[in-house]
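[1] Got a predicted structure here, sequence first:
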Amino acid sequence: MALERTILASLIHNEQFTKRAATYIKLEYFSDPIDRALHAAINSHLEKYGTRPTVVALRVDLSAAPLDEETHRLAQEALAGLTDERVDLNWLIDQTERFCQDRAIYNGIKRSISILDGDRGETLDKGAIPDILRDALAVSFDVRIGHDFIEDAEPRFDYYRSNVARIQMDIALFNRVTGGGTPRKTLNVLMGGVHVGKSLFLCHMSAANLLAGLNVLYVTLELAEEEVARRIDANLLDVPIAELGLVPRSVLINQMSRLRAKTTGKLVIKEYPTSCAGAGQFRHLLHELKTKRSFVPDVVYVDYLNICCSSRIKLGAAVNSYTFVKAIAEELRGLAVEYNVPLWTATQTTREGFKSSDLGMENVAESFGLPATADFMAALIGGEELERMNQILVKQLKNRYTDAGLCRRFVVGVDRTRMRLYDVSQHADEDKPVFDETNFGELETERGKKGKKYDFSAFS
């Protein structure tokens, strides 16, 4: 009761609290009829006049309210006790948010039970219960209502310099073409033909993220959990994948103990049957991992997009592949935004693309809606000559982070026996990145020779 009265008093006397919390405090959260009468009068005044009511105004409003004599008397007495007590604003906001969350969950469960019991007053059926509980669990004081371009300049500057905003990789050119690492809330896609190395890329990046102390979630719809773990073991143990079965048990356990002491990160691998899981199932998995293991990933890998299912379009529905794959891509990108992670996945090429040595967006299998949705997309290109050199050619197809003309094509080294990638020289005679024959590349090269990239003196 004390907290409810403190909340009501603050709605009258504390302008900052009223601005931040009044929108989220609902009449249904108050169980006491006196508190409900007071809140109804306060909220009515706020909605009608846009200002906090005075005690005098509330006395008049309560007198006109349709209350019985006893409730009216008790409400007037309670109003007299709503004095201006100074409390810490942040503490009050936190306590009020927790109060609203608890009451929302209680009311949601109570109403769900009423529906299950078939109460006559209920107009909803059992199918509404998940939505009722979901809405109750979603109650939160979200004080951000957009990025103020001028007022938020300082936090925006901090974002530009923050390493937390991007997930770095251990391949130098990947970090360069992504502007210092993969930004959060993004969908990143690797495209390639069969057996080029898409899963190898995803497994290598997972291992590198783990060593960097990050939490990694690897979702596989193609390989078994044990096979994904096997590839990552080969990478981390520096043992050819074909010889993992020869490694003594004690060696593997000791290496895992060293890894546990070396990194604070965790790697979780989850297997789903092909075409039987999508963003909805992944969202449930993320919730379960947070609840049961206190595991919140920093980066998510999905192997691979085309064999996921859609949460919006049912399997077998009369839609074309463009619509279906685009829906999956949009849902995965929405998941990345919701959980503040970069999400990496892969896709296949068309039959023509499998034979091509210079892939483009037109070679994306099934749906051009995928590159339209992705934030970053790169093609992995193999070939006999590249295989002899233990290399894979990477070609940027789309890049929302930096200019795609920077390092349009580059090569990375690959050790397929150990499922590992590494940096290699981009030319046989000189160690510098590859630029396409574009003006951007020429300008960047000239700037590099001068030792100065940009001149900001005009802004000072």
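    Structure received.

[2] Quick one: mean pLDDT over stretch 368-382.
    For stretch 368-382, the mean pLDDT works out to 89.

[3] gap between the two ends of that stretch?
    Stretch 368-382 stretches 22 Å from its first residue to its last (Cα to Cα, to the nearest Å).

[4] With stretch 231-246 instead?
    Across stretch 231-246, the terminal residues are separated by 15 Å (Cα to Cα).

[5] Can you pull out the residues in contact with it?
    Residues outside stretch 231-246 that contact it (Cβ atoms under 8 Å, 6 or more residues apart in numbering): 199-200, 203-204, 206-207, 210-211, 230, 247, 252, 255, 259, 267, 417-420. Any C-beta I mention is one placed from the backbone N, CA and C, and that applies to glycine too.

[6] Are any of these buried, and if so which?
    Among those, those buried by neighbour count (16 or more other Cβ atoms under 10 Å) are 199-200, 203-204, 206-207, 210, 230, 255, 267, 418-420.

[7] about what we covered before: just the contacts of stretch 231-246: which are in helices?
    Of those, the ones assigned to helices by DSSP state H are 199-200, 203-204, 206-207, 210-211, 230, 252, 255, 259.

[8] I'd like those residues as JSON lines, with pLDDT appended.
    Output for these, formatted as JSON lines (pLDDT from 0 to 100):
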{"residue": "199", "pLDDT": "93"}
{"residue": "200", "pLDDT": "94"}
{"residue": "203", "pLDDT": "95"}
{"residue": "204", "pLDDT": "95"}
{"residue": "206", "pLDDT": "95"}
{"residue": "207", "pLDDT": "94"}
{"residue": "210", "pLDDT": "94"}
{"residue": "211", "pLDDT": "93"}
{"residue": "230", "pLDDT": "93"}
{"residue": "252", "pLDDT": "87"}
{"residue": "255", "pLDDT": "86"}
{"residue": "259", "pLDDT": "88"}
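
[9] Name the nearest residue to residue 205, ignoring sequence neighbours.
    In space, and not counting its chain neighbours, residue 205 is closest to residue 169: 6.0 Å by Cβ to Cβ, 6 or more residues apart in numbering.

[10] what do you get for residue 220?
    The shortest distance from residue 220 to any non-neighbouring residue, by Cβ to Cβ, 6+ apart, is to residue 303 (4.8 Å).

[11] Could you pull up the residues touching the one you found?
    Residues near residue 303 by Cβ under 8 Å, 6+ apart: 198-199, 202, 218-223, 228, 345-346.

[12] now the closest residue to residue 8 other than its chain neighbours, what's its secondary structure?
    The spatially closest residue to residue 8, leaving aside those adjacent along the chain, is residue 38, at 5.3 Å (Cβ to Cβ, 6+ apart). Three-state call for residue 38 (DSSP: H, G, I helix; E, B strand; the rest coil): helix.

[13] Tell me who's in contact with residue 166.
    Residues near residue 166 by Cβ under 8 Å, 6+ apart: 178-184.

[14] cool, residue 30 as well?
    4, 36, 39, 103.
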